[in-house]
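Enquirer: Here is my input, please return the structure:
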Amino acid sequence: MSTRTEQAVDPAAVREVHRRFVTGVTVVTAMDGEVPRGLAVNAFCSVSLEPPMVMVCVQTTSSTYPALVRASHLGINILAADQLPVAGVFASKNTDKFAEVDWSPGPHGSPLLTGSAAAVEVEIGERLRAATHTVFVGRIVQAEHRDVDPLVYRAGKFFAPADMTPLSP
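Expert: Alright, predicted model coming up:
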């Protein structure tokens, strides 16, 4: 056990660190009985290719959170560069977000958004509580993709990769 006194890290500094990280934009979805639910999430990453596993982090105060906790499967839709309006819908507090977008159920019932750059359907294996969020870890049971640029997010702004200047080593 450490005898060192821990000093609090400035939350504003931590926020600025996170704003430097470039991420994709996903919409995480699940069925809540007969009602589709979803929210915009940028905390998504690959966990493993063998077996194929991913994770997403969702704030426990989200209105979609209870549906995700009850679900056995969820959809993770990686938005395409032309889906900025879709990101806005799922970042909103609208009660019927799916009335504003085209979607279809995946093989395991998870809502998959039409026009996404990629989508996976995930069988949830673990739900790990981490302070204000829950980390959902699951095995990919279905995957699809299109050859289009994804929507990218950094420092509170959205970008299309074509707008970013590529660097070569």
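
Enquirer: State the pLDDT value of M1.
Expert: M1 is assigned a pLDDT of 55 by the prediction.

Enquirer: An error on my part: the question was meant for D10.
Expert: 89.

Enquirer: How many residues are close by it?
Expert: For D10, the count of nearby residues is 9 (other Cβ atoms under 10 Å). In this view, the C-beta of every residue, glycine as well, is placed from N, C-alpha and C.

Enquirer: With the one 3 residues further on instead?
Expert: The tally of other residues near A13 (other Cβ under 10 Å) stands at 8.

Enquirer: P111 too?
Expert: 25.

Enquirer: next one: V89
Expert: Neighbour tally, V89, other Cβ under 10 Å: 19.

Enquirer: and T26, how far is that from L74?
Expert: To L74, T26 is 11 Å away according to Cβ to Cβ, to the nearest Å.

Enquirer: and R15, what helix or strand is that in?
Expert: helix 11-19 (DSSP states H and E).

Enquirer: E126 bridge partners, please.
Expert: V137 (DSSP bridges).

Enquirer: for P52, that is, sorry about that
Expert: L49.

Enquirer: Which pLDDT does the model give it?
Expert: 98.

Enquirer: Show me where this structure has its helices.
Expert: Taking DSSP state H, the helices of the chain run over residues 11-19, 65-70, 84-91.

Enquirer: Out of the ones you listed, which gets nearest to L128?
Expert: Set against L128 and scored by Cβ to Cβ, these come closest in helix 65-70, at 12.1 Å.

Enquirer: Flag the shaky bits of the protein, pLDDT-wise.
Expert: 1-5, 163-168 (pLDDT under 70).
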